[in-house]
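J.: Got a predicted structure plus its sequence, pasted below:
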Amino acid sequence: MSTQDLPWKLVLFDLDGTLINSIDLVVAAWQHAFADVLGKQLDRETVLPWIGLPLTDTIAEQGGDKAEALRASYDQFMQANHDDMVTAFAGLPELLDDLAVYNVGTAVVTAKGRELAERGLRVAGYPETLHVAAAMEDTREHKPNPAPLLAALAHEGANASDAVYVGDAIYDLQAAEAAGIPAIGVTWGAGKRDALHQQRALAFADAPDELRAQLLG
């Protein structure tokens, strides 16, 4: 098989909940910060819809005049626990290796800061060929705005018609649609399956093997 046999030359991936299993870490960091700074208990279901949105915006919205302290507490927990709580979803590093063999480019588009995003990829064992094409610092607007995906295309020298975006949140699918990029929604992350299926997408995958079949046939 070669890239001539595939409908895309570039696969863009969301990070948290798509490539790396960091959901428990993010939830725990939010719960720690809320208890530490606001003296409040926070349930998992409240946090899940926040994953995939820019952290700075959510901190400002939730923290009010204590946003700075909330961010400091969140960051402290994240830095202390990140490497012990981040793993790859089974089968995905191998899929990335196979995409490279078939000369399909791969890159990440995330609302996470670049340093922590790159760190997550390496801790999870992804190949060096997988890099962050667009992170939180790279655009003023973020998903569901198409700006990060358009920035990633420019960074990779690709056209929307040559690419596909894979993500686990409704914001990923909405951003892809706005950017004119076909999208595949995956259901093993933070997003709710029913909500994902209400979005427009090329396909949906409930397991990495299904994603492999959709990307490589």
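T.: Received, thanks.
J.: excluding its backbone neighbours, what's nearest Leu202?
T.: Once flanking residues are discounted, Leu202 sits nearest to Pro182: 4.2 Å by C-beta to C-beta, 6 or more residues apart in numbering. To be clear about C-beta, it is placed using only N, CA and C from the backbone, and glycine gets the same treatment.
J.: Just list the residues touching that neighbour, thanks.
T.: Going by C-beta atoms under 8 Å, 6 or more residues apart in numbering, Pro182 touches Pro7, Trp8, Ala163, Val164, Tyr165, Ala176, Ala201, Leu202.
J.: What separation is there between it and Ala33?
T.: Separation of Pro182 from Ala33 (C-beta to C-beta, to the nearest Å): 37 Å.
J.: Show me where this structure has its strands.
T.: Ranges of strands within the chain are 10-13, 20-21, 87-88, 105-109, 131-134, 163-167, 183-186, 203-205, based on DSSP state E.
J.: can you list those strands in TSV and add distance to His155?
T.: TSV is the format used below for those (distance: least, C-beta to C-beta, whole Å):
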stretch	distance to His155
strand 10-13	10
strand 20-21	20
strand 87-88	23
strand 105-109	7
strand 131-134	5
strand 163-167	12
strand 183-186	19
strand 203-205	25
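J.: Pipe the ones you listed into CSV and attach mean pLDDT and distance to Gln41 per row.
T.: Listed next are the strands of the chain as CSV, based on pLDDT from 0 to 100; distance: least, C-beta to C-beta, whole Å:
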stretch, mean pLDDT, distance to Gln41
strand 10-13, 98, 33
strand 20-21, 97, 24
strand 87-88, 97, 26
strand 105-109, 97, 33
strand 131-134, 98, 33
strand 163-167, 98, 29
strand 183-186, 98, 30
strand 203-205, 98, 33
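J.: re the thing from before, name the nearest of the contacts of Pro182 relative to Ile23.
T.: Tyr165 (19.5 Å; C-beta to C-beta).
J.: Against Ala205, how distant is Gln199?
T.: Distance, Gln199 to Ala205, using C-beta to C-beta: 14 Å.
J.: Name the residues contacting each of the two.
T.: In contact with both Gln199 and Ala205: Gly185, using C-beta under 8 Å, 6+ apart.
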